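*Asks:* Predicted model, plus sequence, below.
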Amino acid sequence: MSNGASIATLQRKMTLYAGPKITPVIIPCSQNWRQLEQDLWRLETWLSHARASLRNQRSVPGSMEQLEDAIQDHREFLMDLDGHKSLLLSINVVGAHLAESSSDEARSAALQRRLAEVNEAWDAVCEEAAHWQTKLQTALLEVRIGSKPRAVLKL
């Protein structure tokens, strides 16, 4: 992927997540690179844990009580996901700017690859979370329908 194409891709993703494009004033310096590296590491670590957590949720609980617990756990997960969204946005904005303004082409290319990987991982976590939510919603409907009297079901 070319430098211009990957930056354009990141800008499209930023627009989807944050609305209109906002161009920050970021002065490239070693402190910004260090902060970006730390933020990337933190988000990559969280995404790894999030994916593992979602993979462990294969079967939907059978009882209403266990289902309610699973739904509450998923709500908390979604709040945590939403809390990491601002970190992702910041990483994309700062990372795209640093990659674009870097005189070190190898460092710029490596950063663009890492940004692309983090965005792909983010999208995968969002997809897995949506899939799990659908399973929970379906199970909840099935439990509710199963607990209604038969006369009501025929209507």
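*Replies:* Arrived safely.
*Asks:* any idea whether Lys135 is helix, strand or coil?
*Replies:* Here Lys135 takes the helix state, with states given by DSSP: H, G, I helix; E, B strand; the rest coil.
*Asks:* What count of nearby residues applies to it?
*Replies:* Per other Cβ atoms under 10 Å, the neighbour tally for Lys135 reads 16. Where you see a C-beta, it was placed from the backbone N, CA and C, and this is true even at glycine.
*Asks:* ok, it - contacts?
*Replies:* Shown here is Lys135, whose contacts under the criterion Cβ atoms under 8 Å, 6 or more residues apart in numbering are Val60.
*Asks:* Enumerate the residue intervals of the protein where per-residue confidence is below the cut-off.
*Replies:* Per-residue confidence for the chain (pLDDT under 70) gives these ranges: 1-28, 146-155.
*Asks:* Spatially central residue in it, please.
*Replies:* When Cα atoms, centre = their mean is applied to the chain, the residue found nearest the centroid is Trp122 (3.4 Å).
*Asks:* does that one really touch Leu88, like I thought?
*Replies:* Yes. Under the criterion of Cβ atoms under 8 Å, Trp122 makes contact with Leu88 at 5.7 Å.
*Asks:* re earlier: could you pull up the residues touching the residue nearest to the centre of the chain?
*Replies:* With contacts defined as Cβ under 8 Å, 6+ apart, Trp122 is in contact with 47, 88.
*Asks:* how close does it get to Gln31?
*Replies:* According to Cβ to Cβ, to the nearest Å, Trp122 and Gln31 sit 25 Å apart.
*Asks:* mind listing the helices in this protein by residue range?
*Replies:* Using DSSP state H, the helices of the chain run over 3-18, 30-55, 64-101, 105-146, 150-154.
*Asks:* Now the third one: buried residues?
*Replies:* Same thing as helix 64-101. Within helix 64-101, the residues that qualify as buried are 67, 70-71, 74, 77, 81, 84, 88, 91-100, counting by 16 or more other Cβ atoms under 10 Å.
*Asks:* list the helices and strands that helix packs on?
*Replies:* For helix 64-101, the packing partners by 3 or more Cβ pairs under 8 Å, 6 or more residues apart in numbering; DSSP states H and E come out as helix 3-18, helix 30-55, helix 105-146.
*Asks:* Make CSV out of those and add distance to Gly62.
*Replies:* Rendered in CSV, the data for these read as follows (distance: least, Cβ to Cβ, whole Å):
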stretch, distance to Gly62
helix 3-18, 36
helix 30-55, 20
helix 105-146, 8
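*Asks:* Before I go, just wanted to say thanks for your time.
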